[in-house]
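Chemist: take a look and give me a structure for this.
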Amino acid sequence: MSEVQLPNQLNGPWDHLLILTYGMDLPFFEYALLRELPARCRNRIVLGDGAHLLEISEAHARDGLARAMNHRYVAEGIFSPQAAHAKLIMLTNPTQGRRANASYFACSAVFCWVTVNCSTFAR
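Modeler: Numbers count the residues shown, from 1 in each chain. Okay, here's the model as predicted:
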């Protein structure tokens, strides 16, 4: 297992971002990660556990913590009998990509993500 600095991993010529996570810490995504994405990255999708999203959405809307949700990125829940616990970040463009699978997503001052597998691929 190794630590990956998230902002460094987001840099690059990416057109698409997909994040799968359980917790969907949308304020962390908006204030710490969204600004690190290149302007050309127009497709930004965050998917997480549907029940958890329903719990936090009302509070985030009330407190104004997730103002860009469904404007600058799409956030949606995965609804299934079991909790959605996938942890993945995938960044792509037509010729290359970067993928990271994690054991957990850590929201901290240094924006670390403890990973199980991280790789870059090219067409």
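Chemist: residues near Tyr22, how many?
Modeler: Using other Cβ atoms under 10 Å, Tyr22 is surrounded by 16 other residues. To be clear about C-beta, it is placed using only N, CA and C from the backbone, and glycine gets the same treatment.
Chemist: let the chain start at 9 from now.
Modeler: All set: I'll call the first residue 9, so the last point we hit is now Tyr30.
Chemist: dihedrals phi and psi, it?
Modeler: For Tyr30, the backbone dihedrals (degrees, to the nearest 10) come out as phi -80, psi -50.
Chemist: residues contacting it?
Modeler: Going by Cβ atoms under 8 Å, 6 or more residues apart in numbering, Tyr30 touches 56-57, 60, 91-95.
Chemist: as a check, name the ranges of all strands in the chain.
Modeler: Listed in chain order, the strands of the chain (DSSP state E) span 10-13, 24-29, 51-57, 82-86, 96-100, 104-113, 120-130.
Chemist: can you lay out these as TSV showing mean neighbour count?
Modeler: Below are those laid out as TSV (neighbours: other Cβ atoms under 10 Å):
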stretch	mean neighbour count
strand 10-13	12
strand 24-29	20
strand 51-57	19
strand 82-86	16
strand 96-100	20
strand 104-113	17
strand 120-130	13
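Chemist: same list (the ones you listed) but as a markdown table, adding distance to Pro35 and mean pLDDT.
Modeler: A markdown table is the format used below for those (distance: least, Cβ to Cβ, whole Å; pLDDT from 0 to 100):
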| stretch | distance to Pro35 | mean pLDDT |
| --- | --- | --- |
| strand 10-13 | 19 | 58 |
| strand 24-29 | 14 | 91 |
| strand 51-57 | 12 | 92 |
| strand 82-86 | 11 | 92 |
| strand 96-100 | 18 | 90 |
| strand 104-113 | 14 | 76 |
| strand 120-130 | 17 | 62 |
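Chemist: so which of those strands comes closest to Gly72?
Modeler: The closest of the strands of the chain to Gly72 is strand 82-86. By Cβ to Cβ, the value is 15.3 Å.
Chemist: about what we covered before: so which of the contacts of Tyr30 wins on neighbours?
Modeler: Neighbour counts for the contacts of Tyr30, by other Cβ under 10 Å, peak at Gly56, which reaches 25 neighbours.
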